[in-house]
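Participant: Turn this into a model:
(one chain, ligands or ions: 1)
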Amino acid sequence: MTQLTQSATWQQLATHTAALPHMRELFEMNDQRFNAMHLKSCGLLLDYSKNRVNEETLALLFKLANEAQLTDKIAGMFSGDIINNTEQRAVLHTALRSKASQTIKAEGQNIVPEVQQTLAKMAKFVEQVQSGQWTGYTGKAITDIVSIGIGGSFLGPKIVTQALRPYWKGLNCHFVANVDATSICEKLKGLNAETTLFVMSSKSFGTQETLTNTLSAKEWFLAQGASQQDVAQHFVAVTSNVAKATEFGMDANNIFPMWDWVGGRYSLWSAIGLPIALVIGMDNFKELLSGAFDMDQHFQQAPLEQNMPVIMGMLSVLYSNFHGAQSHVILTYDHYLRGLPAYFQQLDMESNGKSVSLDGTAVDYSTGPVIWGGEGTNGQHAYHQLLHQGTALIPADFIMPLQSHNPLGEHHNQLASNCFGQTQALMQGRTYEEALAEMSSSKLDNAQKQLIAKHKVMAGNKPSNTLLMDKLTPQTLGALIALYEHRTFVQGVIWQINSFDQWGVELGKVLGNDVLDRIGAEHDAQALDCSSNALINLYRQGQI
Ligand SMILES: O=P(O)(O)OC[C@H]1O[C@](O)(CO)[C@@H](O)[C@@H]1O
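Facilitator: Residues are numbered from 1 along each chain as shown. A predicted model of the protein is given here:
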C-alpha cells in the first residue's frame, strides 16, 4: 500500500462513501442543497449538487487536497517550478494568457516579453491576411486556411474554431491531422492554391504525420501551377524547432515560435492557436485568452471550498478512487461544442493516463479515467441507456449555454429540458414501485406488469455536474477550457503523478517506424511475432 492509500483521510473517505445515503435522500433531507452546492465564476455556473456527497464528504476531499499541498502546488505551477520532472521542464501554458505587465520566469528568465512579442507577430499576420494585404502568388487575397498538425497541435484549434463558428470573419478553415491520405485529399478537394494558406504546426517539427502531410501539401501546391519561390507566401510554421523548420524550407520570417514550457495538449493559447486567430480575428482570440486568464486567477485565489477546478477535480478523484468509476462522460448540450469531449479526452487522458508516481513508484490506486462523450440530445438516443441502467458508474458533466446563437421556436427550450431532465433522471432513478404504478392502466396481466417493471427500474444515484454559461463566447469558452486544464492538474496532484509528460506514446512510434521499414523491405517480414509478420505480409500482398 502506498502512503496515499494508507493515509487516515483516504481510509475515512472509503468508509464514509460506502455509507452515504442515495442522492434522492440527500435532496429530500435538504431543500437548500443546490444553494449550498453551486458556484459562479468567470461567466460559468457549476451545479455540483447532483453528486454523491454531503458536507462531510466535501470536508474529507478538501482535507485530502490539503494533505497533498494542493495550494502550494498550484502556486508552484504558476510560478514556473520544474513540475514536469521527467523532462525537467516548467509547465507554463498559463503564461500564454498572462498580462503584459506580469513577470513570469522560466529557468530564471522572464518569458512574458516573448509571449507578448509572439502575440504581436500573430496580430500583424492575422491583420495582413484578413485585410487582403497578404496575397497569394497571383496577387489574390487568401480565402482558405489549411491547418496541418496532430494531437495538441491540431485538436485545440479545430475544436475552438468549430465552437466559435458565429465569430468567423470570412476565412474558411480546414484541418489535416491523420497521415491517412484521405484526410488531406478530401480537404484539398475544391481548394484554389492561389488563395490557400497552409499553417504547419508542430512543436517538435518531427512528427511523422505532420511532416508527411506538409510535404504532400507542398507537392499539391506546386502541381497547381505555383513555383518554389511562391511557397513562402503560402506556408507558415508554428514550432519550437526553428532550425528544422528552416531546413525544411520554411521562410524564417514565417515561423511563429513555441516553447518547451508549453505542453502540446495545453498549447492552443500559443501560436498553435494561429488558425483560430486567422478565422475569428485577433480581438476574439484575445477574448479567449482573457477568459482563461480569469479562470487562472480564480484557480489561484479562491479557497479550495469555493474553487471550481478543485471541486471538479476532487469529485473526479472521489469517483475514480472510492466508487470504482473507470470512465467519465462529457455531454455538451450545444452543437457548436460537439467537439469539446474529444478535446477534453486528449487533455485528460494524455495527462493522467499514468501508472507510476513522480518518483517512479507503481501506484496502487486508479488514476486517469477514460474520458468520452458527445453532444446532447444525440447521446440520449445512443449511449444514455447505459448511463441510466448499465452496471458501470459513469459520472457525467453536462455543459449548456442558456442562450442560443440561433434562437428558433421551441428548440432551445427542448434542448434545456432534455439536459436538465437527464441529470434529474440520473440522480433519482425510478423504483420498482414507481415503474409498476406507471403501468396501472396497462392491459398487460399482473405477471407481465411485474416483469416489465423490473426491467424499468433505474437505480439512480448516478452523479452529474451541470455547467452553465449565459452564452458561448470566446471569453466563456476560454474560461471553460482553462477550468478543465486545472481540473486535470488537481487530479494529478492528488495522484502524485506527472501530468505533463507522455512517454507512453513513444514505443508505438518507434515500432511503427520499424514496421514501415519492413513493409518496404525486399522480402517478407519474419523477425517479429507471428501476428505482426502476418499482418505486414498481408499488407505487402495488398489482399487478405
Ligand atoms: O506538436 P508536435 O511536436 O508535432 O506533437 C504533436 C503531438 O504528439 C504528441 O507529442 C504525442 O501525442 C502530443 O503530445 C503532441 O501534441
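
Participant: which sections of the stretch 51-200 of the chain are below the confidence cut-off?
Facilitator: Within the stretch 51-200 of the chain, no range satisfies pLDDT under 70.

Participant: Report the distance from the helix or strand harbouring residue 413 to the chain centre.
Facilitator: Element membership for residue 413, per DSSP states H and E: helix 411-428. Once both centres are worked out by CA atoms, centre = their mean, to the nearest Å, helix 411-428 turns out to sit 24 Å from its chain's centre.

Participant: List the buried residues in that helix.
Facilitator: Going by neighbour count (16 or more other CB atoms under 10 Å), the buried part of helix 411-428 is 412, 415, 416, 418, 419, 422, 423, 425, 426, 427, 428. The way it works is simple: take the backbone N, C-alpha and C, and place the C-beta from them, glycine included.

Participant: Quick check, pLDDT for the third one.
Facilitator: It stands for residue 416. Residue 416 is assigned 98 on the pLDDT scale.

Participant: That one reaches residue 377, doesn't it?
Facilitator: No: Residue 416 lies out of contact with residue 377 (CB atoms under 8 Å); the separation is 10.4 Å.

Participant: Looking at this protein, which residue is nearest the ligand?
Facilitator: Closest residue of the chain to the ligand, CB to the nearest ligand atom: residue 264 (2.4 Å).

Participant: and that residue, what does it touch?
Facilitator: By CB atoms under 8 Å, 6 or more residues apart in numbering, the contact set of residue 264 is 151, 152, 153, 203, 272.

Participant: Surely the third one is in contact with residue 256?
Facilitator: No: here residue 153 does not reach residue 256: they are 11.9 Å apart, not a contact under CB under 8 Å.

Participant: got any residues that touch both of those two?
Facilitator: residue 238.

Participant: And the two? Which one has more around it.
Facilitator: Set side by side, residue 153 and residue 256 show more neighbours around residue 153, with 28 against 21, by other CB atoms under 10 Å.

Participant: re earlier: which of the contacts of residue 264 are close to the ligand?
Facilitator: By CB under 6 Å from any ligand atom, the members of these lying near the ligand are 151, 152, 153, 203.

Participant: any idea how far the residue in the chain sticking out farthest from the centre lies from residue 439?
Facilitator: Of all residues in the chain, residue 445 has its C-alpha farthest from the mean position, at 50.7 Å, by CA atoms, centre = their mean. Noted for residue 445: a distance of 11 Å to residue 439, by CB to CB, to the nearest Å.

Participant: C-alpha coordinates for the longest helix along the chain, CSV please?
Facilitator: Secondary structure of the chain per DSSP state H: the longest helix is helix 474-495. Below are the C-alpha coordinates for helix 474-495, written out as CSV (Å, rounded to 0.1, in the frame of the first residue of the first chain):
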residue,chain,number,x,y,z
PRO,A,474,-14.7,33.5,-26.8
GLN,A,475,-14.5,34.5,-23.1
THR,A,476,-16.7,31.8,-21.7
LEU,A,477,-15.0,29.2,-23.9
GLY,A,478,-11.6,30.3,-22.7
ALA,A,479,-12.7,30.0,-19.1
LEU,A,480,-14.3,26.6,-19.7
ILE,A,481,-11.2,25.1,-21.3
ALA,A,482,-8.9,26.5,-18.6
LEU,A,483,-11.3,25.0,-16.0
TYR,A,484,-10.7,21.6,-17.4
GLU,A,485,-7.0,22.1,-17.7
HIS,A,486,-6.9,22.9,-14.0
ARG,A,487,-9.3,20.1,-13.1
THR,A,488,-6.8,17.7,-14.8
PHE,A,489,-3.9,19.3,-12.8
VAL,A,490,-5.8,18.9,-9.5
GLN,A,491,-6.3,15.1,-10.1
GLY,A,492,-2.6,14.7,-11.0
VAL,A,493,-1.6,16.4,-7.7
ILE,A,494,-3.7,14.0,-5.7
TRP,A,495,-2.4,11.0,-7.6
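
Participant: right, and the helix or strand after it?
Facilitator: Scanning forward in sequence from helix 474-495 by DSSP H and E, the next helix or strand is helix 506-519.

Participant: by contact count, what packs against whichever helix or strand comes after that following helix?
Facilitator: Under the assignment DSSP H and E, the closest C-terminal helix or strand after helix 506-519 is helix 530-541. For helix 530-541, the elements it packs on are helix 506-519, judged by 3 or more CB pairs under 8 Å, 6 or more residues apart in numbering; DSSP states H and E.

Participant: still on that earlier bit, which residues are contacting the helix holding residue 413?
Facilitator: 23-24, 27, 50, 331, 333-334, 376-377, 380, 384, 387-388, 396, 398, 400, 402-404, 458, 460-464, 466.

Participant: so how far does stretch 371-386 reach from one end to the other?
Facilitator: Stretch 371-386 has its terminal residues 15 Å apart, counting by CA to CA, to the nearest Å.

Participant: Actually, stretch 350-369.
Facilitator: End-to-end distance (CA to CA), stretch 350-369: 11 Å.

Participant: before we move on, what about stretch 220-236?
Facilitator: 16 Å.

Participant: go on, stretch 22-34?
Facilitator: Stretch 22-34: ends 16 Å apart by CA to CA.

Participant: ok, and what's touching that stretch?
Facilitator: Against stretch 22-34 from outside (CB under 8 Å, 6+ apart): 20-21, 36, 47, 49-52, 54, 427-429, 460-461, 463.

Participant: Then stretch 159-174?
Facilitator: For stretch 159-174, using CB under 8 Å, 6+ apart, the contacting residues are 129-130, 142-147, 187, 191, 268, 273, 275-276, 278-281, 284, 288, 336-340, 342-343, 405, 472, 474, 477, 481.

Participant: rerun that using 7 Å as the cut-off
Facilitator: 130, 142-147, 187, 268, 275-276, 278-281, 284, 288, 336-337, 339-340, 343, 405, 472, 474, 477 (CB atoms under 7 Å, 6 or more residues apart in numbering).

Participant: how about the helices in the stretch 301-450 of the chain?
Facilitator: Taking DSSP state H, counting those that start in this stretch, the helices of the stretch 301-450 of the chain run over residues 308-322, 340-352, 384-389, 411-428, 432-438, 446-456.

Participant: residues in the stretch 1-150 of the chain within reach of the ligand, list them.
Facilitator: Counting by CB under 6 Å from any ligand atom, the stretch 1-150 of the chain sits next to the ligand at residue 150.

Participant: let's go with 8 Å and repeat that
Facilitator: 149, 150 (CB under 8 Å from any ligand atom).
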